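Trainee: Output the structure for:
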Amino acid sequence: MLAVYGSSFLAIVDANIVIVALPQVRAALRAGPEAYQWVLDAYTLCLCVFALSAGALADRYGRKKILLLGVGLFAAGSVVCASAPSVAVLVAGRFLQGAAAAAMASSALSLLVAAFPAGAARTRALTWWSTSAALATVVGPAAGGLLVDRLGWQAVFWVNLPICALIVLVGARTLRESRSTTGTSLDPAGQVLLIGWLAALIYALIEGGRAGWTAAPIVGALGAAVVLFALFVVVERRRDDPMVPVSLLRSRAFGGAGAVAFLLGAAPVSAYVFIPLFLQSVQGASAGEAGLLVLPMAAGNVIGSQVSGRWIARSGPRTPSCASLTIAGTALLAVAFLEPGSSPLVAMAPLLFLGIGLGMALPATNDAAFRAVDSARSGAAAGLLGALRQSGHAVGIAVQGTIIAAVATHRLTTELAARDVPAPVVASAGEAALSGRDAATRLPGTGLPPEALVDVATRAFTGGFHTIMTLAGVVCLGAAVLAAATVPGSTVINGTGGTRGRR
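Mentor: Numbers count the residues shown, from 1 in each chain. Purely as a prediction, here's the structure:
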């Protein structure tokens, strides 16, 4: 199982390891603030849109084969990213990495489900998979910070090559091939439409705040997203074996778990992405220090996932789901009280509880979903569940990135105008809205002393930070209510993957 856990770990780590490198990437490649969102969302978007096809390909052609192919493509994408001379090339490399990660994650999880029968053994296996996934989410920034401080931002991509080589060597020797006995058809039309409508939506969400929501490209992208989504629904309804299996979504267990998975992907973005950036841009931490300061989340993830596994075995997934999301939401609301002058240690307690909540939530969501499917559809189910979580992540990055930039820009421009800064400089302040302590170099011509400009910029960043943390906390609490209404308690699994009622 080393190759299974390792490939899943790597796929999730690389969604986050680049976070603490973003300020250095932006400076080295001379990029605007939207680079934060594109570098992250390029990966997440592809991980989302290709997860469903990757799961179907794994079911049809062999899960081991697709996993090892994904690892190879992931290594190639890492080389492109590490060698990138511009943000455009870096984003292209991230697209390739994300597509490869979809193949890795979907096939790894379906290999795991196929290897263990339903019951306690599968619950334990999924708990350990969730533990590795939860750890990866926080270990990424910590490891990335150390690499950036010592070797530069390119190191967060070069480090993938020996890891990929090890996974291929171990996986080729130890993994047993498995595939669906019933066969899974591919859906190229659905795949193209899914890519189209999600890409159009993410483009509009990221660029809308900068270009203006009434700008022709943004209106066109939103219109295209609506049309392509409608066509996607029509195509999927007409297929006998659709890429999005409607029968799964109609199941209360899977549908509820899927909705919670989407929100679980969207809300914690504020913590994974913007807490390290707050520590660096506002409080002046180095990349390594910012990565280390979020390690309490990693400890909490381990604690939460292990507690959740035992709790699920006793009572089913509903109560752990509700409790975990409530803990995570409360912790996010507590983080919203951080200020520029707060000691970084003040954040450690809420980050620990946030990690506990998220670590508990992932196994509970997975368990609720897989109780509703049989092993023959595990690849498609794993792909759909991953796609929902990753689409939430992609939308969360785009929405929260746009909100924090809009709030910070408004506060910065208002403050600069009040200090009689020349109007052309105020108009260009949006480029420095998320610069924080680097504002003095990114916004020349204000006439303000550097320390005064830094104070204005860090307070503007903090205002946006408070807004998205509060929003994320409320979303998590809403997800807890949704879990209480839809996720079942302990259930007996029937022979076709459905449920026969409560125990």
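Trainee: what's the nearest residue to Leu338 if we skip its chain neighbours?
Mentor: Ala347 (5.9 Å; CB to CB, 6 or more residues apart in numbering). Every C-beta, even on glycine, is put in place using the N, C-alpha and C of the backbone.
Trainee: Pull the contacting residues for the one you found.
Mentor: With contact set as CB atoms under 8 Å, 6 or more residues apart in numbering, Ala347 has these partners: 275, 293, 335, 338.
Trainee: Pro141 reaches Tyr272, doesn't it?
Mentor: Yes: between Pro141 and Tyr272 a contact is recorded at 7.4 Å, counting by CB atoms under 8 Å.
Trainee: ok, how many other residues are close to Leu345?
Mentor: Other residues lying near Leu345 total 9 when counted by other CB atoms under 10 Å.
Trainee: oh, I was asking about Gly284
Mentor: 15.
Trainee: my guess is it contacts Arg437, does it?
Mentor: Yes: between Gly284 and Arg437 there is a contact under CB under 8 Å: 5.7 Å.
Trainee: For Pro141 and Tyr272, indicate the residue with more neighbours.
Mentor: Pro141 (32 against 23).
Trainee: Would you tell me what helix or strand the more buried one is located in?
Mentor: helix 120-151 (DSSP states H and E).
Trainee: Please apply the same query to Leu434.
Mentor: Using DSSP H and E, Leu434 falls outside every helix and strand.
Trainee: which neighbours do Pro141 and Tyr272 share?
Mentor: 16, 19.
Trainee: residue contacts, the nearest residue to Ala215 once chain neighbours are set aside?
Mentor: Leaving aside its sequence neighbours, Ala215 sits nearest to Gly208 (CB to CB, 6+ apart; 7.8 Å). Counting by CB under 8 Å, 6+ apart, Gly208 touches 215, 218, 402.
Trainee: Let me know the pLDDT of Gly208.
Mentor: You'll see Gly208 listed with a pLDDT of 85.
Trainee: And Gln154, how close does it get to Val13?
Mentor: 16 Å (CB to CB, to the nearest Å).
Trainee: Also Gly401?
Mentor: 21 Å.
Trainee: Ala336 now?
Mentor: Applying CB to CB to Ala336 and Val13 gives a distance of 27 Å.
Trainee: Distance of the nearest residue to Gly463 once chain neighbours are set aside relative to Gly430?
Mentor: Among residues not flanking Gly463 along the chain, Arg411 sits closest, at 4.8 Å (CB to CB, 6+ apart). In this structure, Arg411 and Gly430 are 11 Å apart, going by CB to CB.
Trainee: what's the answer for Pro296, then?
Mentor: When Pro296 is compared with Gly430 (using CB to CB), they lie 33 Å apart.
Trainee: got it, and Ala27?
Mentor: 17 Å.
Trainee: of those two, who's got more company?
Mentor: Gly430 (21 against 14).
Trainee: Phi first, then psi, for the residue lying closest to that one once chain neighbours are set aside.
Mentor: Using CB to CB, 6+ apart and skipping the chain neighbours, the partner closest in space to Gly430 is Thr409 (4.5 Å). Dihedral pair for Thr409: phi -60, psi -40, per degrees, to the nearest 10.
Trainee: Which parts of this structure belong to which domain?
Mentor: 2-177+239-408+460-502, 188-238 (automatic domain parsing).
Trainee: what's the spacing between the longest one and its chain's center?
Mentor: When you say that, I think you mean domain 2-177+239-408+460-502. Taking CA atoms, centre = their mean, to the nearest Å, the mean C-alpha location of domain 2-177+239-408+460-502 is offset from the chain mean by 5 Å.
Trainee: Then the shortest one?
Mentor: On the basis of CA atoms, centre = their mean, the separation between the geometric centre of domain 188-238 and that of its chain is 20 Å.
Trainee: Span of that domain from start to end?
Mentor: Distance across domain 188-238, first residue to last, is 14 Å (CA to CA, to the nearest Å).
Trainee: one step back: can you point out the buried residues in the helix holding Pro141?
Mentor: Residues of helix 120-151 classed as buried: 122-123, 125-149 (neighbour count, 16 or more other CB atoms under 10 Å).
Trainee: Stretch 334-341 now?
Mentor: So for stretch 334-341, counting by 16+ other CB under 10 Å, buried means 334-336, 338, 340.
Trainee: what does stretch 348-363 give?
Mentor: For stretch 348-363, by 16+ other CB under 10 Å, it's 348, 350-363.
Trainee: What of stretch 33-44?
Mentor: Quick answer for stretch 33-44 (16+ other CB under 10 Å): 33-44.
Trainee: Repeat that for stretch 89-106.
Mentor: So for stretch 89-106, counting by 16+ other CB under 10 Å, buried means 90-106.
Trainee: before we move on, what about stretch 277-289?
Mentor: For stretch 277-289, a neighbour-count test (16+ other CB under 10 Å) marks 277-283, 285, 287-289 as buried.
Trainee: Just the terminal-to-terminal distance for it.
Mentor: 11 Å.
Trainee: again, but for stretch 207-226
Mentor: For stretch 207-226, the end-to-end distance is 17 Å (CA to CA).
Trainee: State the helix or strand in which the residue positioned nearest the centre of the chain lies.
Mentor: In the chain, the C-alpha closest to the average C-alpha coordinate belongs to His393, at a distance of 4.0 Å (CA atoms, centre = their mean). Here His393 sits within helix 378-418, counting by DSSP H and E.
Trainee: Following the chain past that helix, name the next helix or strand.
Mentor: helix 423-427.
Trainee: between the helix or strand containing Phe95 and helix 120-151, how big is the angle?
Mentor: Applying DSSP H and E as the criterion places Phe95 in helix 87-115. Here helix 87-115 runs at an angle of 160 degrees relative to helix 120-151 (axes from the mean of the first three to the mean of the last three CA atoms, to 10 degrees).
Trainee: For helix 87-115, give the mean pLDDT please.
Mentor: 86.
Trainee: do stretch 338-350 as well
Mentor: On average, stretch 338-350 scores 85.
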